[in-house]
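A.B. asks: here is my input, please return the structure:
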Amino acid sequence: MRSVLAATTAYPRIRRPSYDLQCMKVSDAQGLGGQAGASERRPITVLFADIAGSTAIAERLDPEDWTTLVSEAFQRINRTVERYGGTIARLMGDGVLAFFGAPTAHEDDPERAVRCGLDLVRAIDGLDASKHLPQAETFKVRVGINTGPVVVGVVGTESASEYTAMGDTVNVAARMQASARPGNVLVTSATYRFISPLVEAVDVGQLELKGKSETVHAYEITGLKEGATHTRGLAGVRSPMVGRDAQLDQLVNAFQVANAGQGRVACIVGEPGMGKSRLLAELRTTLERDENPPRWVEGHCLSYGETIPYHLVIDLIRSIIGVTETTDETQVAQALDSFVTANSREDCTDTCAYLGHLLSLKLSPDMKARISQMEIETVKRYMAALIQVVRAATAGGPTVIVCDDVHWSDIASADALLQVIPTIAGLPVLLILSSRPDRASTGWRLITGARDVSGDSLSEIRLDPLSMDDSRTLVGNLLSIESLPEETRNLILAKAEGNPFFVEEVIRMLIDRSAIARDGDRWVANEKAASVEIPDTLHGLCRQFGVTILEKLLEPKAP
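C.D. replies: Numbers count the residues shown, from 1 in each chain. Next comes the predicted model:
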């Protein structure tokens, strides 16, 4: 078979920041739809990035060379921020300020910002700056990120106004950037607690920052964890699954039919926070108790991936061949060759060529020739390669293929998977599509198409809000809270309307407001619990949510 491929230094206790601002501005506020004088408090994630040692480099370069180099760097920075749905607030000579969560908020803004920061480092590292730089000079970006409450709004007049973010959150992000090592991403604990399940990090400890009376706990992000996807829920706090036994039984029954060689499709549909991911985790745990557990394949849609062609398909292929987005390209190519060769009885040369092309691998000359000769039929070839690799995945036995968050799927992936569904009818495959009931999303075509194609072989599983009794059980399981006023407990249950995520976030807010404190192995409510205002909706809750110290509370106290 031919190959497809031809320790941290010490941080200073004090660093002088490049920016010392409480207020940074987003230009062209009118284009963002703001109204002068309007403002609101909301949590956002702030990212600062600048070119390390830029002043010294600029002194050694001709102004035109410096301008060319910085312009190319900013183009890469802008593209990266936009890809993750951030807003460029300001370009500042050799630096950039970006907001994630204002003016447009997403449920995963801290994750977007950190992924963006890591990609910024790679983007600048990939810039060929050697032709401009003096010998031994390096051109690297350093990134600082912080999450917390700010006041955002439009200030000025109708003829001249700007969208502005004000608050210490912005200032601390600037301090993080100033304290970061060149080529690295430094985040506060306020950001880290949201993304800790996703990233590899070095605990830098407490940093003393200019203008701050208290130290700030910081982490250097070194990369993404392989296969990590979950960031929702309370760190260190877990509850058994509540109120979803019937839905779990439906999925287990569907798998048993598939295990007999009659492929099945299951659609799990539910609003945000209804427990789709938890149900899938429970299914996997249940099936893996068997003596011969099935192969488990997962593809995850990105919240910013609707415009990234085939991003869901690519993630599925990675899962099938046993690699992740962080795996070295050489290892990906070897894994692809090995998997297809070992599990396919058909000629797999074209399959490897097209899957390698889809995975953006560097192709050998003969593979490139195959691709170029079939340019017109590329999509059909992609489909054939995808179908072949799905067949190969079942060579070792029954397989569960999960497509998570398909409401964020790109159109190309949705159409590709609709071509695959008829193939699984005669295979021991359970294909699970998990989605929100967003009929306007690009990925909803996959749900409706699966219904049409699968007919009676499709199981539809709807996750409705939890009952009052189940919600009460969930609260009790999440935290054994002593002294929580019954009135407060009932208010949480009433406003949650059976949404488990709302319950988790209200408890998180109570901890953040110091209304609940940890006492050894117990959680105890104090007098503040009765006076904390509980927002009416999940949206309102997320907008009020501030910086928490949950990670400190969960640390065992010294005896």
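A.B. asks: low-confidence ranges, the stretch 301-450 of the chain, go.
C.D. replies: The stretch 301-450 of the chain contains residues with pLDDT under 70 at 345-348, 362-379.
A.B. asks: sec struct for the residue lying closest to Thr191 once chain neighbours are set aside, please.
C.D. replies: Leaving aside its sequence neighbours, Thr191 sits nearest to Thr147 (C-beta to C-beta, 6 or more residues apart in numbering; 4.3 Å). C-beta here means a position set from N, CA and C on the backbone, and glycine is covered the same way. Secondary structure assignment for Thr147 (DSSP: H, G, I helix; E, B strand; the rest coil): strand.
A.B. asks: please enumerate the helices of the stretch 201-350 of the chain.
C.D. replies: 245-259, 276-287, 311-321, 329-343, 349-358 (DSSP state H, counting those that start in this stretch).
A.B. asks: please name whichever of those helices is nearest to Thr473.
C.D. replies: Of all these, the one in closest proximity to Thr473, counting by C-beta to C-beta, is helix 245-259 (12.3 Å).
A.B. asks: show me what the closest one packs onto, helices and strands only.
C.D. replies: Contact partners of helix 245-259 among helices and strands, from 3 or more C-beta pairs under 8 Å, 6 or more residues apart in numbering; DSSP states H and E: strand 264-270, helix 276-287, strand 429-435, strand 458-463.
A.B. asks: state the next helix or strand along the chain beyond the third one.
C.D. replies: Stepping forward along the backbone from strand 429-435, the first helix or strand reached (DSSP states H and E) is helix 444-454.
A.B. asks: who touches that following helix?
C.D. replies: 265, 267, 269, 403, 406-407, 409, 411, 413-415, 417-418, 421-422, 431, 433, 435, 438, 458, 460 (C-beta atoms under 8 Å, 6 or more residues apart in numbering).
A.B. asks: could you flag which of the residues you listed are buried?
C.D. replies: Among the contacts of helix 444-454, the ones that count as buried by 16 or more other C-beta atoms under 10 Å are 265, 267, 269, 403, 406-407, 409, 413-415, 417-418, 421, 431, 433, 435, 438, 458.
A.B. asks: distance-wise, check Lys380 relative to Asp464.
C.D. replies: 41 Å (C-beta to C-beta, to the nearest Å).
A.B. asks: again, but for Arg391
C.D. replies: For Arg391, the distance to Asp464 equals 36 Å [C-beta to C-beta].
A.B. asks: over to Ala123?
C.D. replies: Distance, Ala123 to Asp464, using C-beta to C-beta: 44 Å.
A.B. asks: of the two, which one has the most company?
C.D. replies: Remark: of Ala123 and Asp464, Ala123 carries more neighbours, 17 against 11, as counted by other C-beta atoms under 10 Å.
A.B. asks: helix or strand: which one has that one?
C.D. replies: In this assignment (DSSP H and E), Ala123 forms part of helix 109-125.
A.B. asks: so what secondary structure elements neighbour that helix?
C.D. replies: Counting by 3+ C-beta pairs under 8 Å, 6+ apart, the packing neighbours recorded for helix 109-125 are strand 39-51, helix 63-83, strand 95-100, strand 141-156, strand 185-188, helix 189-195, strand 216-224.
A.B. asks: now the residue positioned nearest the centre of the chain, nearest residue through space, not along the chain?
C.D. replies: The residue lying closest to the centre of the chain (C-alpha atoms, centre = their mean) is Glu111, at 4.9 Å. Nearest residue to Glu111, sequence neighbours excluded (C-beta to C-beta, 6+ apart): Ile195, at 5.2 Å.
A.B. asks: nearest to Pro182, of the helices of the stretch 201-350 of the chain?
C.D. replies: Nearest of these (C-beta to C-beta): helix 329-343, 24.6 Å.
A.B. asks: mind listing what's buried in the closest one?
C.D. replies: Neighbour-count burial for helix 329-343 [16+ other C-beta under 10 Å]: Val332, Ala333, Gln334, Ala335, Leu336, Asp337, Phe339, Val340, Asn343.
A.B. asks: that one - contacts with which helices or strands?
C.D. replies: On a contact count with 3+ C-beta pairs under 8 Å, 6+ apart, helix 329-343 meets helix 311-321, helix 349-358, helix 378-393.
A.B. asks: may I ask which helix or strand of this protein has the lowest mean pLDDT?
C.D. replies: Of all helical and strand segments in the chain, the minimum by mean pLDDT, DSSP states H and E falls on helix 550-553, at a mean of 32.
A.B. asks: and the residue lying closest to Thr80 once chain neighbours are set aside, how many neighbours does it have?
C.D. replies: Nearest residue to Thr80, sequence neighbours excluded (C-beta to C-beta, 6+ apart): Asp119, at 5.0 Å. By other C-beta under 10 Å, 19 other residues sit near Asp119.
A.B. asks: what's the answer for Gly167, then?
C.D. replies: Counted with other C-beta under 10 Å, the neighbours of Gly167 add up to 17.
A.B. asks: quick one on the thing from earlier: is it true that the residue nearest to Thr80 touches Val81?
C.D. replies: No - the pair Asp119 / Val81 is not scored as a contact, 9.3 Å apart, by C-beta atoms under 8 Å.
A.B. asks: Gly299 reaches Leu312, doesn't it?
C.D. replies: Yes - the criterion here is C-beta under 8 Å, and Gly299 meets it with Leu312 at 5.2 Å.
A.B. asks: and for the two, which residues touch both?
C.D. replies: Residues touching both Gly299 and Leu312 by C-beta under 8 Å, 6+ apart: Cys403.
A.B. asks: the more surrounded of those two?
C.D. replies: Leu312 (28 against 23).
A.B. asks: chain neighbours aside, what residue packs nearest to the more buried one?
C.D. replies: In space, and not counting its chain neighbours, Leu312 is closest to Ser413: 3.7 Å by C-beta to C-beta, 6+ apart.
A.B. asks: which positions in stretch 210-219 come out as buried?
C.D. replies: By neighbour count on 16+ other C-beta under 10 Å, the buried set for stretch 210-219 is Val216, His217, Ala218, Tyr219.
A.B. asks: what mean pLDDT does that stretch have?
C.D. replies: Taken as a whole, stretch 210-219 has a mean pLDDT of 89.
A.B. asks: so what sits opposite Thr45 in the bridge?
C.D. replies: With DSSP bridges applied, Thr45 shows beta-bridge pairing to Phe100, Thr147.
A.B. asks: tell me which residues touch it, please.
C.D. replies: Applying C-beta under 8 Å, 6+ apart to Thr45 gives the contacts Phe99, Phe100, Gly101, Asp109, Pro110, Arg112, Ala113, Ile145, Asn146, Thr147, Thr191.
A.B. asks: counting neighbours, what do you get for the residue lying closest to the first one once chain neighbours are set aside?
C.D. replies: What it means is Phe99. Counting by C-beta to C-beta, 6+ apart, Phe99 lies nearest to Thr87, which is 4.7 Å off, once chain neighbours are set aside. Thr87: 19 surrounding residues under other C-beta under 10 Å.
A.B. asks: likewise Glu82?
C.D. replies: Around Glu82 there are 14 residues (other C-beta under 10 Å).
A.B. asks: OK, contacts around it?
C.D. replies: Residues near Glu82 by C-beta under 8 Å, 6+ apart: Ile88.
A.B. asks: the chain should start at 259 in everything you say after this.
C.D. replies: Sure, I'll start numbering at 259, so the last one becomes Glu340.
A.B. asks: follow-up on the earlier one: can you pull the buried residues of the helix holding Ala381?
C.D. replies: Going by neighbour count (16+ other C-beta under 10 Å), the buried part of helix 367-383 is 367-379, 381-382.
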